[in-house]
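# here are the coordinates; sequence isn't available:
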């Protein structure tokens, strides 16, 4: 008598994962993974995505890089404005060419169990809702009863990402004591207008506080290798204007319409 195989259960939630399951031969032994019809369709309606500290210098070339909050200053890349629309994923579900793709998205539909409330567990998690998973997929998850090379590579990538993620948490926790992260306002100056207007609220580095640090504090930040991260963040804020232009082009709307609506929180 056959029994229905039930995927091992995990606890906790994870951004973008609809049905996270611990990968197992019993539950997923006949499955494989191919690219979904819309490869990045799973994140086409997000406005921001987490970053690790190692990603910030590269991500800052394309996106505004800001922080989640003053109390939890984890870095995020801003992908859209005022609506559930990722301005870097087109209607076919493809990411814009040459634009940096954050690691959080590149490793999807895989992750480590520790991110889903599993503490130090390092088992591989898969989003069973991902459209590219099927019994007929060419890249098998298991071969001859063992994890395939494809699955092992996915596990290694998630291991590296998890190490970066934990390092990011440690760095940001240490950064909090300098009290540099505060609420900020992004502004733009409409054509022909004399004054700038606010259009987004975010958390970022207070430049006045940064410049007011003592030599000892500044040296401590340098030894932490945090200064490149902070300056990359500040430089990235010029990309707010690029997001406005992208939204205008994508939706065929005016500049005023591109920055109107609910504010980014």
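Right, received. Where do you want to start? Nothing here was measured: the structure is a model prediction, and the numbers come from that model. Residues are numbered from 1 along each chain as shown.

# tell me which residues of the helix or strand hosting residue 168 are tucked away?
Using DSSP states H and E, residue 168 sits in helix 149-175. Residues of helix 149-175 classed as buried: 150-151, 154-155, 158, 161-162, 164-165, 168, 171-172, 175 (neighbour count, 16 or more other Cβ atoms under 10 Å). For every residue, glycine as well, the C-beta is placed using N, CA and C.

# How are the strands of the stretch 101-250 of the chain distributed by residue range?
Assigned by DSSP state E, counting those that start in this stretch, the strands in the stretch 101-250 of the chain fall at 110-112, 124-127, 133-134, 139-140, 142-143, 146-147, 181-188, 197-205.

# And the ones you listed: which comes nearest residue 213?
Among these, strand 197-205 comes nearest to residue 213, with 11.2 Å by Cβ to Cβ.

# on contacts alone, who are the packing partners of the helix holding residue 168?
When contacts are defined as 3 or more Cβ pairs under 8 Å, 6 or more residues apart in numbering; DSSP states H and E, helix 149-175 packs onto helix 103-106, strand 110-112, strand 124-127.

# wait, what's in contact with residue 186?
64, 198-202, 237, 240 (Cβ atoms under 8 Å, 6 or more residues apart in numbering).

# Would you mind giving the strands of the stretch 101-250 of the chain as CSV with mean pLDDT and distance to residue 248 added?
Output for the strands of the stretch 101-250 of the chain, formatted as CSV (pLDDT from 0 to 100; distance: least, Cβ to Cβ, whole Å):
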stretch, mean pLDDT, distance to residue 248
strand 110-112, 93, 35
strand 124-127, 94, 33
strand 133-134, 95, 37
strand 139-140, 96, 39
strand 142-143, 95, 48
strand 146-147, 93, 47
strand 181-188, 92, 12
strand 197-205, 91, 13
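
# For residue 249, which of those is the nearest?
strand 181-188 (15.8 Å).

# so what strands line up beside that closest one?
Strand 181-188 has these partner strands in its sheet, going by DSSP bridges: strand 197-205 (antiparallel).

# returning to that earlier point: just give me the closest of the buried residues of helix 149-175 to residue 29.
Distance to residue 29 across those (Cβ to Cβ) is lowest for residue 151, with 10.9 Å.

# Which pLDDT value does the model give that closest one?
Listed pLDDT for residue 151 reads 95.
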